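Asker: Fold the stuff below for me.
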Amino acid sequence: MKKTLVFVGLSLALSASMASAAGINLAWDDCGAAGTASKTFDCASNSGVPFTMVASFLPPAGVNEFLGISAQVDASSAPSALPDWWKHGSGQCRSTSGMSVAFDFTSGPFTCVDFYVGSAAGGFAYDIGYGSPDRARLRVQAAVPFDNRGPVDPNFEYYAFKVNLQRAKSTGVGSCAGCSTPVCVVLNSIQLFQPPDAANDPEITAVANSNFVTWQSSSIPNCPASTGVETRSWGQVKSLYR
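Answerer: Numbers count the residues shown, from 1 in each chain. Below you'll find the predicted structure:
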């Protein structure tokens with residue numbers, strides 16, 4: 001049934017991005033060229049719709065039993081230390097509710113292809129100070145149920161995940177300093193997973209349109225900076241939701 005949904009989705013996605021080579025994209029609000037590269041916020045409100053970064057990928061040929069992804073994203077505020085507004089997690093200024101990662105694109109946007117069709121599950125880890133005090137690394141993993149595996153077409157761009165940043169603690173009593181600090185966010189890689197028998201879990205690091213976005217400035221020195229990636233395994237992805 002999943003394969004049927006995928007093929008129907010491909011036939012209906014007439015506006016989906018086309019490509020001739022594998023690559024990854026990161027943009028605000030939508031996938032790839034349909035999104036925007038920079039986001040500004042006056043930091044004057046603690047409520048409203050979240051700011052959303054969208055990661056997407058253009059797969060290589062030969063991914064016929066796609067199951068899930070592993071991705072790595074770095075946020076950097078160099079040369080200053082990472083501001084409190086970008087510190088997410090238990091015991092941090094923005095706590096565990098200031099940022100979330102989602103895989104459900106059933107309510108849009110609809111520019112790129114949604115392979116998951118609401119069936120993906122996953123999780124994320126956010127490591128503050130990764131490599132240096134000005135940096136944090138976001139690691140994302142997600143997968144569909146095994147029976148929902150299917151082919152991804154190299155001629156189309158697919159949604160991978162979205163990162164939602166809430167406006168909470170931007171101003172007033174209890175606010176987190178640094179909302180107005182420029183930050184560069186870079187999508188380093190997206191690895192695609194298939195069943196172990198396929199022996200083909202390609203890691204995509206090539207850039208399709210743009211693999212980075214900026215916060216509070218359209219031009220940040222040394223953005224994007226090159227960072228290392230960590231290869232994952234299908235077993236690690238499964239452990240997130242089974």
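Asker: pLDDT on the longest strand along the chain, on average?
Answerer: Using DSSP state E to define each element, the chain has its longest strand at strand 183-193. Summarised as a single mean, pLDDT over strand 183-193 is 98.
Asker: so how far is it off the chain centroid?
Answerer: 7 Å (C-alpha atoms, centre = their mean, to the nearest Å).
Asker: cool, and stretch 185-200?
Answerer: 13 Å.
Asker: what's the span of stretch 183-203, first residue to last?
Answerer: Stretch 183-203 has its terminal residues 26 Å apart, counting by C-alpha to C-alpha, to the nearest Å.
Asker: which parts of it are buried?
Answerer: 183-194, 198, 201-203 (16 or more other C-beta atoms under 10 Å). Yep, even glycine has a C-beta here, placed from its N, CA and C like the rest.
Asker: likewise stretch 33-49?
Answerer: For stretch 33-49, burial by neighbour count (16+ other C-beta under 10 Å) applies to 34, 35, 39, 41, 43.
Asker: which residues touch it?
Answerer: Residues from elsewhere that reach stretch 33-49, judged by C-beta atoms under 8 Å, 6 or more residues apart in numbering: 17, 25, 27-29, 51, 54, 109, 111-112, 167-172, 175, 179-180, 209-210, 212-218.
Asker: and if we set it to 7 Å?
Answerer: Stretch 33-49 is contacted from outside by 17, 27-29, 51, 54, 111, 167-172, 179-180, 209-210, 213-216, 218, using C-beta atoms under 7 Å, 6 or more residues apart in numbering.
Asker: Of those residues, just the buried ones, ChimeraX syntax please.
Answerer: Buried residues among those (16+ other C-beta under 10 Å), as a ChimeraX selection:
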select :17,27,28,51,54,111,167,168,169,170,179,209,210,213,214,215,216
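Asker: Kind regards, and thank you for your time.
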